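Colleague: Quick one: sequence plus predicted model below, questions after.
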Amino acid sequence: ALRADWMSGAVLTNDRGDVIARVGQTRPTFHSVPVTVDNTVRAQLKIYYGHQLASELRAQQTWTLAGLAVLIAAVMGGLGAQLGRMYSRSLTELKRQIPSTVEAIESANEIDAISKRLMALPLELLAQQTDLEQPPAAINPTVIVIVSLDSLEHYVDTLNEDSLERYTQRLYQCLHTATSTYGGKLRVVRQLRVALIFSDQGGRQAARSAIQAALLMQMLCKRQEDSSHLRYQVRCVLGRSDLKPLDDHSFYADLYVQNIFDHLEQAFQQDGLLWLESDLIDQPPFDENYQLGPLIQQFASVVGIPPETKQLLAEQAEKFTPKIS
């Protein structure tokens with residue numbers, strides 16, 4: 001006998017679907033079981049559930065789905081709350097960084113409060129911030145070498161025009177060769193004053209390029225002096241600038257750097273051929289094997305250079321001297 005509350009009936013069919021036996025009543029809810037003989041499916045037995053078992057199964061399925069929905073909702077709610085707190089803290093911190101220029105009751109909504117603070121900022125401040133997003137090419141920490149053409153000042157009044165032109169050309173070649181060798185730029189900035197301008201490039205420090213270019217230039221001038229009856233004395237002072245002057249579209253940088261030129265020229269009031277501004281003394285490469293004199297009026301003279309640097313510069317001077325004529 002079949003339990004009416006558990007099973008309502010059963011049907012046995014062969015592999016072609018023909019009914020072999022039937023008992024009880026069929027219902028929409030059933031479970032199918034294959035009947036195998038010698039590992040071959042010979043028939044199918046369908047067991048039809050009774051009303052009570054079907055109701056229990058549907059109720060169990062409903063509660064399972066409901067529980068899963070509640071669990072997913074709880075997880076997503078917790079995740080959303082965590083993300084909300086994280087973004088709220090970020091927005092609150094951002095709001096603190098924007099100065100409040102008006103006295104008003106701020107909104108509890110961080111985005112609305114930030115919007116009100118931004119709208120209250122002066123227009124010129126907003127414009128300045130926009131400009132900073134695209135910095136001009138002139139803004140570039142730079143090392144400047146001011147070169148004093150001491151001997152040229154004497155020969156301007158003593159040499160004839162042809163001799164003065166030849167002398168000036170050789171002096172220019174010494175300056176240009178040293179500057180271009182170390183990737184710098186050469187500009188005349190004052191009467192009898194020339195600036196060599198160097199910036200960091202390709203992993204090479206501007207200060208290292210500047211000092212080696214200045215030393216190479218003085219070596220080339222000394223070799224010209226040794227091979228003629230004229231003097232080629234030049235004195236140099238190195239200093240730093242936060243702006244790179246004398247480039248295209250750098251009118252402000254050109255104005256800014258004039259005070260730096262005036263400051264660096266004070267070194268020429270002292271004896272010596274090569275000077276460093278005090279800001280460079282503790283910077284590479286001068287904190288390595290360079291020998292510096294005492295600090296005098298914010299400048300220190302270079303009295304000794306590393307042997308390997310001296311050897312390198314001597315080889316370069318030997319190479320370039322025959323090309324200067």
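Modeller: That came through fine.
Colleague: which residues touch Arg166?
Modeller: Residues counted as contacts of Arg166 (CB atoms under 8 Å, 6 or more residues apart in numbering): none. Bear in mind the C-beta positions are built from the backbone N, C-alpha and C, glycine included.
Colleague: Secondary structure element holding it?
Modeller: Secondary structure from DSSP states H and E places Arg166 in helix 161-181.
Colleague: in that helix, what counts as buried?
Modeller: 167, 170-171, 173-175, 177-179, 181 (16 or more other CB atoms under 10 Å).
Colleague: Where do the domain boundaries of this protein fall?
Modeller: 7-49, 69-132, 140-323 (automatic domain parsing).
Colleague: The chain: strands as residue ranges?
Modeller: Assigned by DSSP state E, the strands in the chain fall at 7-14, 19-24, 30-37, 40-49, 139-148, 185-190, 193-199, 235-243, 274-277, 291-296, 299-304.
Colleague: follow-up on the earlier one: quick check: which of the domains of the chain is buried the most?
Modeller: domain 140-323 (a mean of 17; mean count of other CB atoms under 10 Å).
Colleague: What mean pLDDT does that domain get?
Modeller: On average, the pLDDT along domain 140-323 is 89.
Colleague: now swap in stretch 88-100 and tell me
Modeller: pLDDT averaged over stretch 88-100 gives 68.
Colleague: so how far is the first residue of stretch 188-197 from its last?
Modeller: Taking CA to CA, to the nearest Å as the measure, stretch 188-197 stretches 11 Å from start to finish.
Colleague: hmm, who's touching it?
Modeller: 142-150, 152-153, 175, 178-179, 184-187, 210, 213-214, 217, 244-246, 261, 265.
Colleague: 7 Å instead?
Modeller: 142, 144-149, 152-153, 175, 179, 184-187, 210, 213, 244-246, 261 (CB atoms under 7 Å, 6 or more residues apart in numbering).
Colleague: Now do it: distance to the chain's middle.
Modeller: On the basis of CA atoms, centre = their mean, to the nearest Å, stretch 188-197 is displaced by 33 Å from the centre of the chain it belongs to.
Colleague: For His176, which non-adjacent residue is spatially closest?
Modeller: The shortest distance from His176 to any non-neighbouring residue, by CB to CB, 6 or more residues apart in numbering, is to Leu186 (5.8 Å).
Colleague: Please tell me I have it right and the one you found contacts Ala178.
Modeller: No. Using CB atoms under 7 Å, Leu186 makes no contact with Ala178, being 9.0 Å away.
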